[in-house]
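Student: build me a model:
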Amino acid sequence: MPGVLAVLSAISGLVFPRTDALYGPAYIAAIAFALATPLAFLVVAPKSLFQQNRAFLWLYIATVVSAVCAAVTSGLLMSLGSPDGAAGDIGGFPMWLLSTGALVTVSLLAIKAWHREQAGPATTLRDLQRQERRTKHR
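Tutor: From the prediction side, this is the model:
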């Protein structure tokens, strides 16, 4: 669910603000989806995961920071008022693209860390080798 919300934030900011009528609502949806992404991690992820897996905790913190950055830059683009008003803006859209891309990337990495923590015991030789490498690094 958090990954879907992050992708929806990117889609609503890339696809929908092409016309004057959808410009404001598209960025409002992008703000809502961006801020809902870290909240979805709090709702869906087990509470013990934050204490057991330090990588997941740091990725969650990065998700919160990138979600706030994506919401702020969406608000900046929304304040321009229309696609014509945003046409002359040099830095707003690249900042939004970078922060939303970071939100999508970091949330998907957090999901990957979560699934790796929830994985069952190693059964194949490759899984056993991965598990051994992970325990050596700790």
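Student: quick check, central residue of the chain?
Tutor: residue 103 (2.9 Å; Cα atoms, centre = their mean).
Student: where in the chain is pLDDT low?
Tutor: 87-88, 137-138 (pLDDT under 70).
Student: let me know the helix or strand that the closest residue to residue 24 other than its chain neighbours is in.
Tutor: Sequence neighbours aside, residue 78 is the residue nearest to residue 24 in space, at 5.9 Å (criterion: Cβ to Cβ, 6 or more residues apart in numbering). C-beta here means a position set from N, CA and C on the backbone, and glycine is covered the same way. Per DSSP states H and E, residue 78 falls inside helix 54-79.
Student: equivalent analysis for residue 112, please.
Tutor: Per DSSP H and E: helix 92-118 holds residue 112.
Student: the one helix or strand residue 132 maps to versus helix 92-118: what angle between them?
Tutor: Residue 132 is part of helix 125-137, with elements assigned from DSSP H and E. Counting by axes from the mean of the first three to the mean of the last three Cα atoms, to 10 degrees, helix 125-137 lies at 100 degrees to helix 92-118.
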